[in-house]
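>>> would you be able to build a 3D model of this:
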Amino acid sequence: MNMLREIPKVELHVHLDGSVRYETLKEFKNISKEDVMCNNCKNLEEYLTKFNLPIEIMQSKEMLTRVAKELVEDLKKDNVIYAEVRFAPILHTKHLSLEEVVESVLEGLRDKDLKVNLILCMMRNSSFIENKKIIDLTYKYLNKGVVGIDLAGDEKKYKTSSFKNLFDIINDINIPFTIHAGEADGIDSILSAINFNTKRIGHGVRCIEDDKVINLIKEKNITLEICPTSNVDTNICEYINHPIRKLYDKGVLVTINTDNRTVSNITLTREYEKLSKCFDFKIDDFNKMNINAIKASFLSNDEKEKLIKMFN
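Have a look, this model is predicted:
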């Protein structure tokens with residue numbers, strides 16, 4: 001299985017606060033792995049409670065920089081050649097301004113060997129005013145380490161359709177974006193994301209429930225940021241029944257991601273091993289999915305071409 005570790009990998013969907021090393025968290029609180037790692041969570045709502053402790057310790061410049069730096073080190077161990085890390089700045093402003101939060105994370109992500117960009121998350125449970133601040137913040141740092149914006153949080157409780165006003169603004173000022181949809185909530189959530197003109201959907205696996213939606217995703221060249229182990233952890237399906245193979249075989253643009261390396265106790269290499277064993281994915285399939293990820297990334301065309309050459 002070492003061959004799977006050696007594959008160049010692209011990660012488009014990984015949360016900073018969901019990927020804080022267990023050892024780092026343990027320095028600050030006497031905890032067990034069960035406190036921060038998901039084990040048979042009932043749903044997404046319960047899964048999201050695992051973020052409370054990481055967010056609690058990520059309230060200083062030093063910790064934000066350290067956590068980001070450690071994540072870059074972990075990505076490099078996985079032979080990741082490009083990553084887009086996401087987080088919600090609003091959750092880290094107990095003592096810091098939004099700008100200080102973003103700059104601290106960007107400082108930690110800088111690395112001479114691995115390019116890592118940042119996606120800022122609006123939160124579904126935040127007010128319109130709070131989320132508008134994240135839009136303004138993204139625009140301020142766009143192409144200065146920040147490459148896009150996302151909508152995250154409890155999808156079932158806060159419907160995707162209710163965020164149209166925010167995405168109207170995002171579309172008007174041409175900020176690249178992705179949207180969590182089709183995970184805890186179903187087809188309607190995916191259709192809302194498509195109606196907002198998204199080219200990427202975080203998860204999106206519930207599209208398997210409707211062939212018309214699958215065809216729409218294909219027609220519009222929308223890429224799915226699929227996180228199989230995380231989907232099992234949020235109780236969407238068992239691993240053996242995950243729709244990734246069916247979606248891939250139907251020609252959907254599929255990418256493989258960890259979502260939350262600590263909360264789901266997963267690396268990309270381990271995910272590839274599980275997918276290889278369970279669905280008979282080969283190295284050529286993984287390469288194809290990584291090329292999908294490069295093409296869907298928020299990089300410039302020149303940067304995309306350079307990365308794609310690594311697979312040729």
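>>> going forward, measure contacts between C-alpha atoms and count neighbours the same way
OK.
>>> please name the nearest non-neighbouring residue to K282.
Once flanking residues are discounted, K282 sits nearest to S276: 6.4 Å by C-alpha to C-alpha, 6 or more residues apart in numbering.
>>> buried set for the host helix or strand of the one you found?
Element membership of S276 [criterion: DSSP states H and E] is helix 268-279. Using 16 or more other C-alpha atoms under 10 Å as the burial criterion, the residues of helix 268-279 that qualify are 268-276, 279.
>>> return the member of those residues nearest to R110.
The closest of the buried residues of helix 268-279 to R110 turns out to be L268 (C-alpha to C-alpha; 20.8 Å).
>>> for L224, see how far away the closest one is.
According to C-alpha to C-alpha, to the nearest Å, L268 and L224 sit 16 Å apart.
>>> counting contacts, what elements does the next helix or strand after the helix holding S276 pack onto?
Counting by DSSP H and E, the element after helix 268-279 in chain order, helix or strand, is helix 283-296. Here helix 283-296 touches strand 9-15, strand 223-226, strand 253-256, helix 301-308, going by 3 or more C-alpha pairs under 8 Å, 6 or more residues apart in numbering; DSSP states H and E.
>>> please repeat the previous calculation with a cut-off of 7 Å.
strand 9-15, strand 253-256, helix 301-308 (3 or more C-alpha pairs under 7 Å, 6 or more residues apart in numbering; DSSP states H and E).
>>> please export the C-alpha coordinates of that helix as CSV.
The C-alpha coordinates for helix 283-296 follow below in CSV (Å, rounded to 0.1, in the frame of the first residue of the first chain):
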residue,chain,number,x,y,z
ILE,A,283,-3.9,4.2,-9.2
ASP,A,284,-5.1,5.5,-12.6
ASP,A,285,-8.5,6.2,-11.0
PHE,A,286,-6.9,8.1,-8.1
ASN,A,287,-4.8,10.1,-10.6
LYS,A,288,-7.9,11.0,-12.6
MET,A,289,-9.7,12.2,-9.4
ASN,A,290,-6.6,14.3,-8.5
ILE,A,291,-6.7,15.9,-11.9
ASN,A,292,-10.4,16.6,-11.4
ALA,A,293,-9.3,18.3,-8.1
ILE,A,294,-6.7,20.4,-9.8
LYS,A,295,-9.1,21.5,-12.6
ALA,A,296,-11.7,22.5,-9.9
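>>> and it with strand 9-15, angle?
Relative orientation of helix 283-296 versus strand 9-15 (axes from the mean of the first three to the mean of the last three C-alpha atoms, to 10 degrees): 60 degrees.
>>> what residues does helix 283-296 touch?
9-10, 12, 223, 253-255, 304, 308, 311 (C-alpha atoms under 7 Å, 6 or more residues apart in numbering).
>>> and these, which is closest to I244?
Checking those against I244 with C-alpha to C-alpha, the nearest one is V254 at 7.6 Å.
>>> any idea what that closest one is bridged to?
L224 (DSSP bridges).
>>> residues contacting it?
223-226, 248, 289, 292.
>>> could you do H15 as well?
H15 touches 85-87, 259-260, counting by C-alpha under 7 Å, 6+ apart.
>>> looking at these, spot the one nearest I57.
Closest to I57 out of the contacts of H15 is F87 (14.4 Å), distances taken as C-alpha to C-alpha.
>>> partners of the closest one in the sheet?
L120.
>>> ok, it - how many residues close by?
Residues near F87, counting by other C-alpha atoms under 10 Å, number 23.
>>> any idea how far the helix holding S276 is from the middle of the chain?
Distance of helix 268-279 from the chain centroid (C-alpha atoms, centre = their mean, to the nearest Å) equals 18 Å.
>>> ok, now stretch 236-250?
18 Å.
>>> what about it, how long is it end to end?
OK, stretch 236-250 end separation, C-alpha to C-alpha: 20 Å.
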